[in-house]
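**Q** next comes the sequence, and after it the predicted model I'd like to discuss.
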Amino acid sequence: AQTVTQSQPEMSVQEAETVTLSCTYDTSESDYYLFWYKQPPSRQMILVIRQEAYKQQNATENRFSVNFQKAAKSFSLKISDSQLGDAAMYFCAYRTPFGNEKLTFGTGTRLTIIP
Amino acid sequence: DSGVTQTPKHLITATGQRVTLRCSPRSGDLSVYWYQQSLDQGLQFLIQYYNGEERAKGNILERFSAQQFPDLHSELNLSSLELGDSALYFCASSVGDLPSYNEQFFGPGTRLTVL
């Protein structure tokens, strides 16, 4: 079974600085998707960024980028120029492209932005 | 706004009772997923329906059941409720055409409190 591990329950960063959230996963599959979801205090789940395992290039969405290390099964999220609105729980998630489409989530990292 | 609607937003009930949570997917989406977010279990997949048929099952208790209707809305039925069933229940929807990637769009969730 696939597992997703987020070893940082809480992180904090000064506004305008850069922060990196860690995620590791375990799978025997060679093809899969990885995601970072943001859950602000409103509880809405918002997709931040997606990475396909077959792509070597790291995904980037504006201030959000990932460092995908397939051999190490590591998938970290870098947030640049942190803003107050980035304060949220961040969940790393895994999904296979075939068969069961369920998302497997990590336990989350609570990110605090210090003004 | 993801386009996925869930009702009710909040539900407070007593142990032993039965409740029904409702989800309307985005227009055009054929797949509906149910997830449970609790303090104990984190975010976990319960069940998926595709165009009225059950497609995948996760850690869903036997006291829980779901269905997807011809108009594609879905209901999650929780019976013989226990204190531990208190959680945020999310519905997500996607187009659902395998094997291509289909983003899951999350609804705002239903907060269930069992007293």
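**A** Sure, I can see it.
**Q** may I see the buried residues of stretch A:73-90?
**A** A:73, A:75, A:76, A:77, A:78, A:79, A:82, A:86, A:87, A:88, A:89, A:90 (16 or more other Cβ atoms under 10 Å in any protein chain shown). Using the backbone N, CA and C atoms, a C-beta is placed for each residue, glycine as well.
**Q** please name the bridge partners of the fifth one.
**A** In this structure, residue A:78 has beta-bridge partners residue A:20, residue A:65, where bridges are defined by DSSP bridges.
**Q** same thing with the last one?
**A** Beta-bridge pairing of residue A:90 under DSSP bridges involves residue A:38, residue A:109.
**Q** out of the buried residues of stretch A:73-90, who's nearest residue B:68?
**A** For these, the minimum distance to residue B:68 (Cβ to Cβ) is 28.7 Å, reached by residue A:89.
**Q** correct me, but that closest one touches residue A:108?
**A** Yes - counting by Cβ atoms under 8 Å, residue A:108 is a contact partner of residue A:89 at 4.6 Å.
**Q** joint contacts of the two?
**A** Common neighbours of residue A:89 and residue A:108, using Cβ atoms under 8 Å, 6 or more residues apart in numbering or on different chains, are residue A:39.
**Q** which two in the buried residues of stretch A:73-90 are spaced the farthest apart?
**A** A:73 and A:87 (28.0 Å).
**Q** so which residues of chain B form strands?
**A** Remark: strands assigned in chain B by DSSP state E are B:5-7, B:10-13, B:19-24, B:31-38, B:42-50, B:53-57, B:64-68, B:74-78, B:87-94, B:105-106, B:110-114.
**Q** quick revisit: export the buried residues of stretch A:73-90 as CSV, with columns for pLDDT and distance to residue B:35.
**A** What follows is the buried residues of stretch A:73-90, written out as CSV (pLDDT from 0 to 100; distance: Cβ to Cβ, whole Å):
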residue, pLDDT, distance to residue B:35
A:73, 96, 23
A:75, 97, 20
A:76, 98, 24
A:77, 98, 20
A:78, 98, 26
A:79, 98, 24
A:82, 98, 28
A:86, 98, 23
A:87, 98, 23
A:88, 98, 17
A:89, 97, 14
A:90, 98, 16
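**Q** nearest to residue B:3 among these?
**A** So of the buried residues of stretch A:73-90, ranked by how close each gets to residue B:3 (Cβ to Cβ), first place is residue A:88, at 20.7 Å.
**Q** that closest one contacts residue A:37, doesn't it?
**A** No - the pair residue A:88 / residue A:37 is not scored as a contact, 9.3 Å apart, by Cβ under 8 Å.
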